[in-house]
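# have a look; sequence and predicted model below, questions after that.
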Amino acid sequence: RQLAVMIEQDPERAVRFVALASGHVPYAAAGFAGVVALKLAHLLRDIPERRAEFLNNASAFLSQAGRHEEALSAAQEAVTIRRELALSQPKLYMSDVAASLHNLGKMLMHCGQHEEAVDVTREAVTIKRDLVRSHPKLFTSDVAKSLNNLGAMLRSVGRHEEALGMAQEASDLFRDLARSQPETFLPDLATALDCLACSLSALNRHKEALGVAQEASDLFRSLVQSRPEFFLPHFATALGCLTSALSGLGRREEALGVAQEASDLYRDLARSRPEAFSHDFAMSLSALAKGLSDLDRNEEALGAAEEASNLYRNLARLRPEVHLPDFAISLLCLAIVLSSLDRNENALSTAQEASKHFRDLARLQPEAFLPNLATSLLVIANSLAGLDRNEEALGAAQEASNLYRDLARSKPMTFSLSLGKSFNTL
């Protein structure tokens, strides 16, 4: 931090750290690297191609440090500069435009602008596919990275089938690249496999997801041994997806063990860098709560679920456009645990708060949030029934059943089981 203050006070000193602002840095140094890159971009304001380069780098570093709004601003300016350069010299600068669009998509995603992120990243993929046709050796890895990001973004807006196609293509490309250059591309392969496993789990294809998730986590476990400062957060993320696959197959004891390991890793990361890792820590606590609840360890689950929802409440208060969906999901998880403990008054108020948020979110992204709304309504119905408020319970259960009927009509493999559960509640 002292170094960052020094650079802020005397931007000329940033020149000494050009190498730092030009490459990959450990997550602990990302904030300082972001400050350096911004100052270098300012110093190079009369050389647009260099200014854009350091703005692009600054956005990645700032995002890594949890400073997402600043990262988005830098990424947007980099795209603007490079688009202008490409107007007069497209052959020279279109690859840079694609790289900046790829980066901008990630920044939009981190700021909760999911649909905009999809559009920007799809444009990056289109440009990179054109570049691959003429220069496959140079741009195959670039198109694979953008395909992987696009898959994650599509999954976040509930477009799971399309997301799976992108994730599968990205992992196939990186597997081919890793065969010939493992030191360069194994980290990318691990990331792509993690995304693929999450996409398979989202479609309830848990058996396929498990093998892929296991491979991803094994790769990251090996990478962590040699470079923990770079790969520990990625490993924790991969454990989260492995947890989901194990849980989906009913292997609950194993799922809980993996969820506990992920939560412990994120607790350590969040302790040292709360601005960067509090969100991921909260997500891991929600997964841990689910794992404990699945094994009827509901008192322990309650502690994890409450801690998760408290973290998300604070995050949503600061940045609702980013964290409100996860806060609502954490409330739903907490309500389910409370209901399992027959604490029906608390379960009801928590589920009602969750359903209010899901209604608002579903108006903008129905594919992503109508299933959550339906689940929250079932929890409301069960809680009301537990309080002998049977007429109200019947109304909530009927609404949930209607929602699941519509969802099962469009995606029978995904929602038919949930529809059956809703009928059992009626």
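Perfect, thanks for sending it. If you're wondering where the values come from, they're calculated on a predicted model, not measured in any experiment.

# helix/strand/coil for residue 243?
Using DSSP: H, G, I helix; E, B strand; the rest coil, the structure places residue 243 in helix.

# okay, and for this protein, where does confidence drop off?
1-22, 27, 411-426 (pLDDT under 70).

# try it again at 50.
Counting by pLDDT under 50, the chain contains low-confidence residues at 415-420, 422-426.

# now the strands for it?
Counting by DSSP state E, no segments of the chain form strands.

# how many residues are close by residue 227?
11 (other Cβ atoms under 10 Å). (C-beta placed from N, C-alpha, C; glycine too.)

# how close does it get to residue 191?
According to Cβ to Cβ, to the nearest Å, residue 227 stands 14 Å off from residue 191.

# separation between residue 196 and residue 166?
Distance from residue 196 to residue 166, by Cβ to Cβ: 9 Å.

# anything in contact with each of the two?
Taking Cβ atoms under 8 Å, 6 or more residues apart in numbering as the contact rule, residue 196 and residue 166 both touch residue 151.

# residue contacts, the closest residue to residue 253 other than its chain neighbours?
Spatial nearest neighbour of residue 253, excluding adjacent residues (Cβ to Cβ, 6 or more residues apart in numbering): residue 295 at 7.1 Å. Contact analysis of residue 295 by Cβ under 8 Å, 6+ apart lists 252, 253, 256.

# could you pull up phi and psi at residue 342?
Dihedral pair for residue 342: phi 60, psi 30, per degrees, to the nearest 10.

# surely it meets residue 386?
Yes: using Cβ atoms under 8 Å, residue 342 is in contact with residue 386, at 6.5 Å.

# and residue 112, its phi and psi?
Taking degrees, to the nearest 10, you get phi 80, psi 10 for the backbone angles of residue 112.

# again, but for residue 249
Dihedral angles (degrees, to the nearest 10) for residue 249: phi -90, psi 10.

# quick one: it and residue 207 touch, right?
Yes: Residue 249 is in contact with residue 207 according to Cβ under 8 Å; the separation is 6.5 Å.

# so for these two, which residue has more residues nearby?
residue 249 (15 against 11).

# these two touch, right, residue 332 and residue 356?
No: using Cβ under 8 Å, residue 332 is not in contact with residue 356, being 11.5 Å away.

# who has more neighbours out of these two?
Set residue 332 next to residue 356 and count neighbours by other Cβ under 10 Å: residue 332 wins out with 25 against 14.

# other residues contacting stretch 224-236?
Contact with stretch 224-236 is made by 24, 26-28, 187, 190-191, 194, 217, 220-221, 223, 262, 265-266, 269, 277, 280, 284, as judged by Cβ under 8 Å, 6+ apart.

# quick one, what contacts residue 351?
331, 332, 335, 339, 376, 379, 380, 383.

# restricted to helices, list the residues you listed.
331, 332, 335, 339, 376, 379, 380, 383 (DSSP state H).

# thinking again about what came up before, for residue 342 and residue 386, indicate the residue with more neighbours.
Between residue 342 and residue 386, counted using other Cβ under 10 Å, residue 386 has the larger neighbour count: 16 against 10.

# hmm, the more buried one is touching residue 343, no?
No: the pair residue 386 / residue 343 is not scored as a contact, 9.2 Å apart, by Cβ under 8 Å.

# doesn't residue 244 make contact with residue 262?
No: using Cβ under 8 Å, residue 262 makes no contact with residue 244, being 10.7 Å away.

# which neighbours do those two share?
residue 287.

# which of these two has more residues huddled nearby?
residue 262 (27 against 23).

# gap between that one and residue 310?
Residue 262 is 19 Å from residue 310, by Cβ to Cβ.

# residue 376 too?
Taking Cβ to Cβ, one finds residue 376 at 19 Å from residue 310.

# compare those two and say which is more crowded by neighbours.
residue 376 (29 against 14).

# skipping its backbone neighbours, what lies nearest the more buried one in space?
residue 355 is the one closest to residue 376 (Cβ to Cβ, 6+ apart), at 4.1 Å.

# ok, residue 372 next?
Spatial nearest neighbour of residue 372, excluding adjacent residues (Cβ to Cβ, 6+ apart): residue 358 at 4.8 Å.

# how deep is the one you found tucked in, by neighbour count?
With other Cβ under 10 Å as criterion, residue 358 counts 26.

# over to residue 115?
Neighbour count for residue 115, taken as other Cβ under 10 Å: 13.

# could you do residue 149 as well?
Neighbour tally, residue 149, other Cβ under 10 Å: 25.

# so who does it touch?
102, 105, 106, 109, 121.

# again, but for residue 154
118, 160, 162, 163, 166.

# phi, psi of residue 66?
Here residue 66 shows phi and psi, under degrees, to the nearest 10, equal to phi 90, psi 10.

# check contacts around it.
Counting by Cβ under 8 Å, 6+ apart, residue 66 touches 273, 275, 276, 277.

# picking that back up, so the residue nearest to residue 253 versus residue 264, what's the distance?
18 Å.

# before we move on, the earlier item: filter the contacts of residue 295 to the buried ones?
For those, a neighbour count by 16 or more other Cβ atoms under 10 Å gives the buried set as 252, 256.

# show me the contact partners of stretch 309-318.
In contact with stretch 309-318 (Cβ under 8 Å, 6+ apart) are residues 278-279, 281-282, 285, 322-324, 326-327, 330-331, 333-334.

# sort out for me which of these are in helices.
Reading helices off the contacts of stretch 309-318 with DSSP H, I get 278-279, 281-282, 285, 322-324, 326-327, 330-331, 333-334.

# CSV for those residues, including distance to residue 48?
Below are these laid out as CSV (distance: Cβ to Cβ, whole Å):
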residue, distance to residue 48
278, 36
279, 34
281, 40
282, 40
285, 45
322, 31
323, 35
324, 37
326, 38
327, 41
330, 44
331, 47
333, 48
334, 50
